[in-house]
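1. The following comprises the amino acid sequence and a computationally predicted model.
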Amino acid sequence: MGFKSFHIGVLFRIAIICVTIAVLVYLIVIQGQYLAAIILTSILIFEIIELFRFTSIINRKLTHFLESIRYSDFSTSFTHDNKLGKSFKELNNSFNNVVEAFRKERGEKEEHLNYLNTVVQHVTTGLMSFDSDGNIGLMNSSAKRFLNAPHIKNIRELLEHNVTLYKKLKEMKPGEKALIRIDTDMNLATHATELKMKGQILKLVAFQNIHTELISKEVEAWQNLTKVLRHEIMNSITPIASLTGTLNSILSEDLKQLDNGTFEMESETLSDLQDGLQTIENRSKGLVKFVDAYRDYTSIPQPKFTQIKVQDLFDRISQLLRHELNEFGIDFQIKILNPQLEITADKELMEMVLINLLKNSREALNNTQNPVIELISRRADDLRVIIEVKDNGPGIIPEALEKIFIPFYTTKKTGSGIGLALARQIMQLHHGLLSVKSEPNVNTVFTLRF
C-alpha cells in the first residue's frame, strides 16, 4: 500500500476498523438499516482479516527463513518488503546475512569434505566402515584393492571370496587388532574401532598390507635364531670333537697290548681319559638342556582364559616368592592402586611370567645396596590393566635392551635366554604386550599391558 512504516500501516488499518464499527453501530441502532449493516459487517470482517494478514508478515518471513535453513535452500533473498520501514529493512538484511553465512559455511564444508574424501581415497591404508547389518558406508581404493572387491555393498558379499575374512570382520571387537592372510602375497594387519553417526553404530576397520615387513622380520628372526643356535651348538660340539680326537690319540699312543692279549695304560693316562670323558658328558648335558629349552619355547600351551582378580594373583605370587626374596635381603613391595582390578588370562601362565620376571629382578639385585622390588598394578589412561615389575638394580644397557627378548640371548653366565622370550610370547597369546624400560644404576621396569 506504499506505507513507509509498518507501524503506520497497522494504525491505519485499526483506524478503518474503528470507523467501520462506529458506522455499523449507527446504522443498526439509530437508522435501523439492517441490510446496509450486513454489508458493512462483511466489510468489517475483511478489514480484520487484512489486519491479521498484514501483521503476520513477520511470522511468514520467519517461517520462510527457517524453512530455507531447514532444507538448505540458500538461494532465497529477503528484500521485497523493505518499503515497510527501517526495522523491516534491518530484519531483511539480518536474514540475508545469516543465509549468506550458511551458504559460505556449506561451501567450506563441501570443500573440506571433498578434500578429506580425496585424502581417504588416496591413502595407502585401507579403510572400510559398515553398520550392524553389514551395509558398507565407506570403502576407499586401498581397501577395494586389498580385498579384491571393488563393487561390494555389503560385507556378506565377501563370503564368495574369503569366508575367514568375512567372519573376522564381523566378529572383531572395538580396539581389537588381527592379522588376516588373504593370499601368499597379502597379509593384512587390521584394526577395528566404533563410531556413532546419526544415531547408528558403525564399525570402522583399517587395513595395512604388512607382507613385506613380515617377510623381512621373519628373515631377521631366523637369522638371529640361527646365530644363537650355531653359537650354542658350536660351543658344545667343538670341545667334544677336540676332546674326542685327543682321547683317540691318547689311546693310540699310551694303550699297550701285552703278550697275553690284555691291555694296560699308566694311571696318569687313565686320569686324562676320565677327565676328558667327564667333560664330554657335561657338554652333552648342556646341549640336551639347550634343546629342552628350545622345545619349551616352541610348545607353549594355548591359554585357558578366566577372570582373575589381580589381588588374588599377587597374593599367590607373594606366597611363593616372599620367603626367597627376604632371604636375599630384598624389600618386596606390592602396590595395587585399585583392589577391584581384574584381567582375563590363564592363571598358571600369568604366574609363570611374573615369577620369571621377579626372579630376574632378584638376580639383578645381587650387588645392590638396599634392594627393592615393586610389584605394581594400575589402570592406564586407556583403561587397560597394567602390571609392572620394578627393581632398583644396575639396569640394562641400551644395547642389550633391543635383544633381551630374542630367544636364547642372555647377559647372564648361567641363563638359557628363554625366560623373557617365553614371557613375551605368553603375553602375545593373551593379546597383550610385554615391554621394558631401564635407566642404568637407577631402575628397571618390565610392563605387562593387557
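-> Ah, there it is.

2. What number of residues are in the vicinity of Arg106?
-> Per other Cβ atoms under 10 Å, the neighbour tally for Arg106 reads 12. C-beta here means a position set from N, CA and C on the backbone, and glycine is covered the same way.

3. Relative to Glu100, how far out is it?
-> Distance of Arg106 to Glu100, computed by Cβ to Cβ, to the nearest Å: 11 Å.

4. Equivalent analysis for Met139, please.
-> Going from Met139 to Glu100 by Cβ to Cβ gives 36 Å.

5. And the helices in the stretch 351-450 of the chain, which stretches?
-> With DSSP state H, counting those that start in this stretch as the criterion, the stretch 351-450 of the chain has helices at 398-401, 419-429.

6. Adding distance to Ile182 and mean neighbour count, write those out as a markdown table.
-> As requested, those are exported to a markdown table (distance: least, Cβ to Cβ, whole Å; neighbours: other Cβ atoms under 10 Å):
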| stretch | distance to Ile182 | mean neighbour count |
| --- | --- | --- |
| helix 398-401 | 35 | 12 |
| helix 419-429 | 22 | 20 |
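
7. Nearest to Arg384, out of those helices?
-> For these, proximity to Arg384 was assessed by Cβ to Cβ; helix 419-429 is nearest, at 12.6 Å.

8. Report all helices and strands that the closest one contacts.
-> Counting contacts by 3 or more Cβ pairs under 8 Å, 6 or more residues apart in numbering; DSSP states H and E, helix 419-429 is packed against helix 267-297, helix 347-364, strand 433-439.

9. Of the helices of the stretch 351-450 of the chain, which shows the lowest average pLDDT?
-> The stretch with the lowest mean pLDDT among the helices of the stretch 351-450 of the chain is helix 398-401, at a mean of 78.

10. Take it, keep the C-alpha atoms, and write them as PDB.
-> Presented in PDB, the C-alpha positions along helix 398-401 are these (Å, rounded to 0.1, in the frame of the first residue of the first chain):
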ATOM      1  CA  PRO A 398      70.800 -49.800  25.800                       C
ATOM      2  CA  GLU A 399      72.500 -52.300  23.500                       C
ATOM      3  CA  ALA A 400      71.000 -55.200  25.400                       C
ATOM      4  CA  LEU A 401      67.500 -53.700  25.600                       C
END
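
11. what residue ranges in the stretch 101-250 of the chain are flagged as low confidence?
-> By pLDDT under 70, the low-scoring segments of the stretch 101-250 of the chain are 183-185, 214-215, 217-229, 231-236, 238-239.

12. Strands of that one, start to end?
-> Taking DSSP state E, counting those that start in this stretch to define them, one finds strands in the stretch 101-250 of the chain at 126-130, 136-139, 177-183, 186-197, 200-209.

13. Name the residues that touch the second one?
-> For strand 136-139, contacts defined as Cβ atoms under 8 Å, 6 or more residues apart in numbering pick out Val120, Leu127, Met128, Ser129, Phe130, Asp131, Ile152, Lys153, Asn154, Ile155, Leu202, Leu204.

14. Mind putting these into a markdown table with distance to Val436 and neighbour count?
-> Shown next, in a markdown table, are the contacts of strand 136-139 (distance: Cβ to Cβ, whole Å; neighbours: other Cβ atoms under 10 Å):
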| residue | distance to Val436 | neighbour count |
| --- | --- | --- |
| Val120 | 37 | 16 |
| Leu127 | 34 | 17 |
| Met128 | 36 | 24 |
| Ser129 | 37 | 19 |
| Phe130 | 39 | 22 |
| Asp131 | 42 | 15 |
| Ile152 | 44 | 18 |
| Lys153 | 47 | 11 |
| Asn154 | 45 | 13 |
| Ile155 | 40 | 23 |
| Leu202 | 38 | 18 |
| Leu204 | 32 | 16 |
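
15. farthest pair in the residues you listed?
-> Using Cβ to Cβ, the pair of those lying farthest apart is Val120 and Asn154, separated by 20.1 Å.

16. of Met139 and Glu100, who's got more company?
-> Set side by side, Met139 and Glu100 show more neighbours around Met139, with 23 against 12, by other Cβ under 10 Å.

17. Is the more buried one bridged to anything, and to what?
-> Judged by DSSP bridges, the bridge partners of Met139 are Met128.

18. and the gap between it and Phe207?
-> From Met139 to Phe207 the distance is 10 Å (Cβ to Cβ).

19. Now the common contact residues for these two.
-> Leu127, Met128.

20. Show me where the stretch 351-450 of the chain dips below the pLDDT cut-off.
-> The stretch 351-450 of the chain contains residues with pLDDT under 70 at 407-418.

21. what are the ranges of the helices in the stretch 1-150 of the chain?
-> 6-25, 34-55, 57-70, 86-122, 141-147.

22. Can you check what angle separates the longest one from strand 126-130?
-> In terms of direction (axes from the mean of the first three to the mean of the last three Cα atoms, to 10 degrees), helix 86-122 departs from strand 126-130 by 120 degrees.

23. just to revisit the earlier point, out of the strands of the stretch 101-250 of the chain, the one nearest Thr368 is which?
-> Shortest distance between Thr368 and these, using Cβ to Cβ, is found for strand 177-183: 38.2 Å.

24. hmm, back to that, okay, the helices and strands packed on helix 419-429 in TSV with mean neighbour count next?
-> Output for the helices and strands packed on helix 419-429, formatted as TSV (neighbours: other Cβ atoms under 10 Å):
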stretch	mean neighbour count
helix 267-297	14
helix 347-364	20
strand 433-439	16
